[in-house]
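Peer 1: Can you look at this prediction? I've put the sequence above it.
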Amino acid sequence: MFGCAACPSSPTFPVFAEVEHHMEEVHGVRGVLRGPATRAVLLPSTLSTYQCLLCVEGGWVEEKQVQVHLSDVHGEFFARRWEEYSTSTCRMCGEGVAKEEVEHHTALHHPRSRFARGDKEPRAEAKVEVDVKGNEDVVKMKLEEVSKLGEVTRVPGETRLKLTQGEADLVLGRDARTVVGLNRISRANISIKGSSEDNEREMVISGKENQVSLVEERVAKILARNTYIKIKLKSREMMSLC
């Protein structure tokens, strides 16, 4: 659920259109998504919804809900191939976004740093994960040597690398700036599949051989020279930091 941090009662809203209506009616703010008032908006943990391509139903936030709908309304044939008969959209702007590109889209267009800190939805138990790496010379080091999982698959014009959650955050950078910079410098196609909640994610680099090699070299340096600390908090712990 979305929420309003500007209201003492902390009202919640299932869709962003209701947030916009609330902000305009109660706080006199128009076009909240385009201005600084986003800092008063609390975001849900899931920023995309699924829609059925066979009818007008939609608004589900979990894959299982799509599968159940397709099975109950349209039949098992469609439910078994649910990814072909459903699509996902951004909960804030309504733009159609592929499932694996949701985080990339939101990081570029609706970065969480622009919104209120805190989460009204339940979180997992507090957990701290620390991975510290030194500043060793990585000019000639390969991805297999610096990535924690060490799983790299190469075919002509494409490299696939398995990353831990923390490593994926390092490569993405704040508001996806690091990966966007890599794309601009190399002109390669770069994507990191999965969501920020996944323990493991896959990075796919494709393009000309020299483009792919350049990205591999830069990613190796990022992973070898940086430190990440991942802290998962309960909602009440998160609110205490605000």
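Peer 2: Thanks, I have the structure now.

Peer 1: secondary structure class for the residue lying closest to Val97 once chain neighbours are set aside?
Peer 2: Spatial nearest neighbour of Val97, chain neighbours left out: His105 (4.6 Å); criterion: CB to CB, 6 or more residues apart in numbering. C-beta: built from backbone N, CA, C; applies to glycine. Secondary structure assignment for His105 (DSSP: H, G, I helix; E, B strand; the rest coil): helix.

Peer 1: What lies in contact with stretch 59-75?
Peer 2: With contact meaning CB atoms under 8 Å, 6 or more residues apart in numbering, stretch 59-75 is reached by 14-15, 44, 46, 48-52, 54-55, 57, 78-79, 82, 85-86.

Peer 1: The protein: strands as residue ranges?
Peer 2: 2-4, 12-13, 41-42, 48-52, 58-60, 86-90, 127-131, 152-155, 158-164, 189-193, 200-206, 228-232 (DSSP state E).

Peer 1: can these go into TSV with extra columns for distance to Val171 and mean pLDDT?
Peer 2: Shown next, in TSV, are those (distance: least, CB to CB, whole Å; pLDDT from 0 to 100):
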stretch	distance to Val171	mean pLDDT
strand 2-4	29	91
strand 12-13	33	90
strand 41-42	27	92
strand 48-52	21	88
strand 58-60	30	85
strand 86-90	22	87
strand 127-131	13	45
strand 152-155	14	91
strand 158-164	7	91
strand 189-193	7	89
strand 200-206	6	91
strand 228-232	10	57
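
Peer 1: right, and those strands - which one's nearest Gly181?
Peer 2: Nearest to Gly181, of all the strands of the chain, is strand 189-193, at 10.2 Å by CB to CB.

Peer 1: who does that closest one pair up with?
Peer 2: strand 200-206 (antiparallel) (DSSP bridges).

Peer 1: What segments of this protein are helices?
Peer 2: For the chain, the helices defined by DSSP state H cover 16-27, 63-69, 76-80, 102-109, 143-146, 165-172, 177-186, 209-225, 235-241.

Peer 1: closest to Asn199 out of the ones you listed?
Peer 2: Among the helices of the chain, helix 165-172 sits nearest to Asn199 (CB to CB), with 5.4 Å.

Peer 1: which residues touch the closest one?
Peer 2: Contacts for helix 165-172 (CB under 8 Å, 6+ apart): 103-104, 107, 129, 131, 147-148, 163, 178-179, 182, 192, 194, 196, 198-201, 203, 219, 222-223, 226, 228, 230.

Peer 1: Can you tell me which of these are buried?
Peer 2: Listed as buried from the contacts of helix 165-172 are 103-104, 107, 147, 163, 178-179, 182, 192, 194, 196, 201, 203, 219, 222-223, 226, 228; burial here means 16 or more other CB atoms under 10 Å.
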